[in-house]
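J.: Give me coordinates for this.
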Amino acid sequence: MGRLVRDDRKATVTQITTRYNQSMQNTISERTTRQILKQMGYSSRRPHWVPLLSAKNRKQRLQFAQAHQNWTIEDWKNVAWSDESRFLLQHSDDSVRIWRKEHESMDPSYLVSTVQAAGGGVMVWGIFSWHTLGPLVPIEHCLNATAYLSIVADHVHPFMTTVYPSSDGYFQQDNVPCHKAQMVLRLSISDWFLEHDNEFTLLKWPPQSPDLNPIEQLWDVVEGRFASLMCVCVCMCLLVLDM
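T.: Prediction:
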């Protein structure tokens, strides 16, 4: 039974019991299967969702951790965190469950990989630091290089110069293509940051690392507010239809 679980962590009790009984002379019930799995230390749990990482991504994340392992809380207070996020009107099914032991929660074999910004919905860009919240900027359609440069000039620059007037601030951005794309006028996003490197520093950020960005905690709050707003809108629509 241990082999059956290790071969297919997503198997249901019914499937495990059926496969077990196919190779045994004395069959067992699903109740017995549950009891045996419990005695072996297994329980049915939801898998952790983590970014889909390549070997190169893992290496760069490790290098980032090593480069900043001695930073203090005071150092991190100088970082302004940013990100764009899409809030979906419909969510994917998260009912997948796996069999694992308590200490196996972060084993790569039992994780479910995700990709960023999947699906349709409302997209926004935001920024915050230890000291204050920044603006929440709605994004129409997709975030291309032109739109991102406008956000950087209109929102990042005044935020950094106001919050960090001593030019000791770090601006964090992820590595989506539009952040590095070349502009028609031969001005790239990287060039813009180089022109303002005397005002703040661009934090070198490892790719595919939304889980390292504390702004994700704020997105959880925004998503809750958004869901509440959607419920209110639906109720109002139903009231209007009833009238």
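J.: Distance-wise, check the residue nearest in space to the middle of the chain relative to Gln172.
T.: Nearest residue to the geometric centre of the chain (Cα atoms, centre = their mean): Pro210, 4.4 Å. Distance, Pro210 to Gln172, using Cβ to Cβ, to the nearest Å: 11 Å. For glycine as for every other residue, the C-beta is placed from the backbone atoms N, C-alpha and C.
J.: Likewise for Asp107?
T.: Asp107 sits 29 Å away from Gln172, taking Cβ to Cβ as the criterion.
J.: again with Arg19
T.: Relative to Gln172, Arg19 is positioned 48 Å away (Cβ to Cβ).
J.: These two - which one has more neighbours?
T.: When neighbours are counted by other Cβ atoms under 10 Å, Arg19 and Gln172 differ, and Gln172 comes out ahead with 20 against 16.
J.: for the more buried one, what are its contacts?
T.: With contacts taken as Cβ atoms under 8 Å, 6 or more residues apart in numbering, Gln172 has the following neighbours: Val79, Ala80, Trp81, Ser82, Leu203, Trp205, Asn213.
J.: Return the subset of those residues lying in strands.
T.: Among the contacts of Gln172, DSSP state E puts Val79, Ala80, Trp81, Ser82 in strands.
J.: Distance to Lys59 and pLDDT for these - can I get that in CSV?
T.: What follows is the ones in strands among the contacts of Gln172, written out as CSV (distance: Cβ to Cβ, whole Å; pLDDT from 0 to 100):
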residue, distance to Lys59, pLDDT
Val79, 22, 97
Ala80, 26, 97
Trp81, 23, 97
Ser82, 24, 95
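J.: Report the residue spans of this structure with pLDDT below the cut-off.
T.: 88-96, 110, 112-120, 176-187, 227, 230-235, 237-243 (pLDDT under 70).
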